[in-house]
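Asker: What follows is a protein structure lacking sequence information:
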């Protein structure tokens, strides 16, 4: 009994000591920005960090998206390696790293889902001066739902106390304003005007909503717009960001539109619409569209939505299925009216074999729109195009654009 009591007291003392150290570290970092929301968190984190770096801050940033990264004050990155399942206690170690490196600003992506974890992440770990909520989408409904309003209410648990909150969308603004006001925080809508010409400066596919959130943060900090734009454009894209690559073989090209990290119907549609506008601009609107639906075997609840995308939102000439649950996916597609003769399920897919098959069937060129999930073959395919193709931004400055498709 005595040994148990001694061990309990020792753990309590260690916990109190770590808490005191953590608070001291937080005080060493005067500007702390906590980026939350359903989509665009990693990209927005990078944009804000790039902007602060350009403005002269010694900023450390951390993303938790497709591949978690620690972005140091000079812009170089370190992979965050995890020996176990991700936990919000990881954020404590990031604060320690940032304080140890003498950072005067920390931009950190929220990695909590459940309401109580959202509260702990903000009120106990980050204690941010500025919070950002990029958007509210239908994802992780089993933890944050069941409806989008419930997702918004869950995200509200991570609003900073007596700070400032930037919200990317108007829909749930009153909900966020009410929650923020109750804890002494002022809410700002990310309503900065952004032109198409300004968006074209990014060397990869970007969404105005993410840029608007970053610009509003810069505005609150008194950063000049020109400085903000310079920093954002210099920021490296997240591995899960939506990129478009062009792969050319024998005067024929495949344009790879990577929407694998979008994860929900609304976000995937936004990627598709963004590609459509670019395709018209580049004279590629007539290219046949091939779909690739990559699903995880443990995400069967998402199949109806993913199938709906193919049935109602995309003008697909053919659809490849990879990942798990191909028979179930086909049933969902059939129910939605998709012609199963235009569906190919790949049991042991490889990027090389897939691309060879597409070039063989569509020697005049095609668009490969990939969506569903990044893990496994999805990431393999994205890596293949990154290594073997050329990003659209580089391609758009080339005289080869539009030639041979």
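Answerer: Nice, thanks for sending it over. It should be emphasised that the depicted structure is a prediction, and the values quoted were computed from it without experimental measurement. Numbering: from 1, shown residues only.
Asker: For the rest of this, base every contact and every neighbour count on C-alpha atoms.
Answerer: Fine.
Asker: Please, where are all the strands along the stretch 251-400 of the chain?
Answerer: Taking DSSP state E, counting those that start in this stretch, the strands of the stretch 251-400 of the chain run over residues 252-259, 289-295, 316-323, 343-345, 366-371, 390-391.
Asker: so what does the first one touch, helix or strand wise?
Answerer: If I follow you right, that is strand 252-259. strand 244-249, helix 265-282, strand 366-371 (3 or more C-alpha pairs under 8 Å, 6 or more residues apart in numbering; DSSP states H and E).
Asker: and of those, who's closest to residue 35?
Answerer: helix 265-282 (17.9 Å; C-alpha to C-alpha).
Asker: in that closest one, what's buried?
Answerer: Within helix 265-282, the residues scored as buried using 16 or more other C-alpha atoms under 10 Å are 265, 267-269, 271-272, 275, 279.
Asker: Mind listing residues that contact that helix?
Answerer: Taking contacts as C-alpha atoms under 8 Å, 6 or more residues apart in numbering, the residues outside helix 265-282 that touch it are 39, 137, 242, 257, 259, 262, 285, 305-306, 309, 313-314, 371, 396, 401-402.
Asker: For that helix, give the mean pLDDT please.
Answerer: Helix 265-282 comes out with an average pLDDT of 87.
Asker: and the angle for that helix with strand 244-249?
Answerer: 60 degrees (axes from the mean of the first three to the mean of the last three C-alpha atoms, to 10 degrees).
Asker: coming back round to it: compile the buried residues of helix 265-282 into JSON lines and extend it with columns for distance to residue 122.
Answerer: As requested, the buried residues of helix 265-282 are arranged in JSON lines below (distance: C-alpha to C-alpha, whole Å):
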{"residue": "265", "distance to residue 122": "28"}
{"residue": "267", "distance to residue 122": "26"}
{"residue": "268", "distance to residue 122": "29"}
{"residue": "269", "distance to residue 122": "31"}
{"residue": "271", "distance to residue 122": "30"}
{"residue": "272", "distance to residue 122": "34"}
{"residue": "275", "distance to residue 122": "36"}
{"residue": "279", "distance to residue 122": "41"}
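Asker: Following element in sequence after the helix or strand where residue 18 lies, please.
Answerer: For residue 18, the host element (DSSP states H and E) is helix 2-28. Per DSSP H and E, helix 2-28 leads on to strand 31-36 as the next helix or strand towards the C-terminus.
Asker: Okay, angle between the helix or strand just after that next one and strand 31-36 too, please.
Answerer: Once strand 31-36 ends, the next helix or strand along the chain (criterion: DSSP H and E) is helix 41-54. Calculated by the same axes, to 10 degrees, helix 41-54 forms an angle of 160 degrees with strand 31-36.
Asker: Which elements pack onto the very next helix or strand once past helix 41-54?
Answerer: Elements were assigned by DSSP H and E; along the chain past helix 41-54, the next helix or strand is strand 59-63. Judged by 3+ C-alpha pairs under 8 Å, 6+ apart, strand 59-63 is in contact with helix 41-54, strand 69-71, strand 105-109.
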